[in-house]
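> kindly return the folded structure for what I paste below:
(one chain, ligands or ions: 1)
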Amino acid sequence: FEFRRAITRKPGASIIDGLRAEDIGRPDLEQMLRDHAAYVAALRSTGAEVVELPALEAFPDAVFVEDTALCLPQGAVLMRPGAPSRLGEVAEMAPALAAFYGDTLREIAAPGCIEGGDILVTGREVLVGLSARTNPEGVAQLAEIVGDGGHTLRRVDTPEGVLHFKTDCGLLDGETILATGRLAASSCFDGYKVLLVPEGEEAAANCIRFNGVVIMAAGFVRTAEMLDRAGFEVVQINNSECAKLDGGMSCLSLRF
Ligand code: CIR
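Purely as a prediction, here's the structure:
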């Protein structure tokens, strides 16, 4: 959870066409831009360098950069999103990653599919949840790639109806995970310290630990209090607009 850099992408007017499981309203670009700026400021407040890429109108979900790559100290891996409308986002991200990683970029190839939202890197392993966006072939390819860098990958499941594995969890420190009860019930975090988000605050689980702070969606008072009591410095960011597109705190950046 110690990072020198992050990459983000500004939301564009086309976010109104972003994918969503359920229509709960039209995302407001002006509000999303304000929230995005606060998010970038929170990342920068920790001393990290943040590269902000320009909006990509051709790809309505491109603000959710996390899904395009996995960044590890040894190298970056370009994902292959399971959502057809998002496939082209990867080529748009590749040059930004190549600027830092040089020619070490690896990639997931068809018929494999993985989105970064299904990957949780902990202090000891890379956990990947199968989902509607991530298939066994993609996970197998990624296992081989991260294995070359000395990482162990463990394949787990994402609960039915949940977009991504990390929709329901976030790393708090190398050994501690914030998770929903429905995800933790699958035993995928056995051996870790798990803090459960209080019932009714499931959408708070998708937080990120970034250097000294835990960045979480605003409006989940009981979760924020729990994290505060556990000794974490919490920064809350309004997430109302990204939530309309099933997005949260982890989706908005690549961290490395
Ligand atoms: C999608 O359905 O792909 C976007 N509307 C939301 C992606 C959220 N990404 C993430 O959780 N890593």
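> going forward, measure contacts and count neighbours with C-alpha atoms only.
Will do.
> and the top helix by length along the chain, what's buried?
Identified as the longest helix of the chain according to DSSP state H is helix 29-44. Using 16 or more other C-alpha atoms under 10 Å as the test for burial, helix 29-44 gives 29, 32, 35-36, 38-40, 42-44.
> list the helices and strands it packs on?
strand 49-53, strand 233-237, helix 240-243 (3 or more C-alpha pairs under 8 Å, 6 or more residues apart in numbering; DSSP states H and E).
> centre of the chain to that helix, how far?
Distance of helix 29-44 from the chain centroid (C-alpha atoms, centre = their mean, to the nearest Å) equals 16 Å.
> flag every residue of the stretch 101-250 of the chain that's near the ligand.
116-117, 164, 167, 245-247 (C-alpha under 6 Å from any ligand atom).
> with pLDDT and distance to Ala132 as new columns, can the buried residues of helix 29-44 be given to me in JSON lines?
Shown next, in JSON lines, are the buried residues of helix 29-44 (pLDDT from 0 to 100; distance: C-alpha to C-alpha, whole Å):
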{"residue": "Leu29", "pLDDT": "98", "distance to Ala132": "27"}
{"residue": "Met32", "pLDDT": "98", "distance to Ala132": "26"}
{"residue": "Asp35", "pLDDT": "98", "distance to Ala132": "28"}
{"residue": "His36", "pLDDT": "98", "distance to Ala132": "27"}
{"residue": "Ala38", "pLDDT": "98", "distance to Ala132": "31"}
{"residue": "Tyr39", "pLDDT": "98", "distance to Ala132": "28"}
{"residue": "Val40", "pLDDT": "98", "distance to Ala132": "29"}
{"residue": "Ala42", "pLDDT": "98", "distance to Ala132": "31"}
{"residue": "Leu43", "pLDDT": "98", "distance to Ala132": "30"}
{"residue": "Arg44", "pLDDT": "98", "distance to Ala132": "33"}
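> make TSV out of those and add distance to the ligand.
Putting these into TSV (distance: C-alpha to the nearest ligand atom, whole Å) gives the following:
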residue	distance to the ligand
Leu29	14
Met32	14
Asp35	16
His36	14
Ala38	18
Tyr39	15
Val40	16
Ala42	18
Leu43	17
Arg44	20
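> out of the helices and strands packed on helix 29-44, which is the most enclosed?
Across the helices and strands packed on helix 29-44, averaging neighbours per residue (mean count of other C-alpha atoms under 10 Å) puts helix 240-243 on top, at a mean of 21.
> following it in sequence, what is the next regular element?
strand 254-255 (DSSP states H and E).
> surely Leu195 is in contact with Leu178?
Yes. At 4.8 Å, Leu195 counts as touching Leu178 under the criterion of C-alpha atoms under 8 Å.
> ok, those two, which is more surrounded?
Leu178 (25 against 20; other C-alpha atoms under 10 Å).
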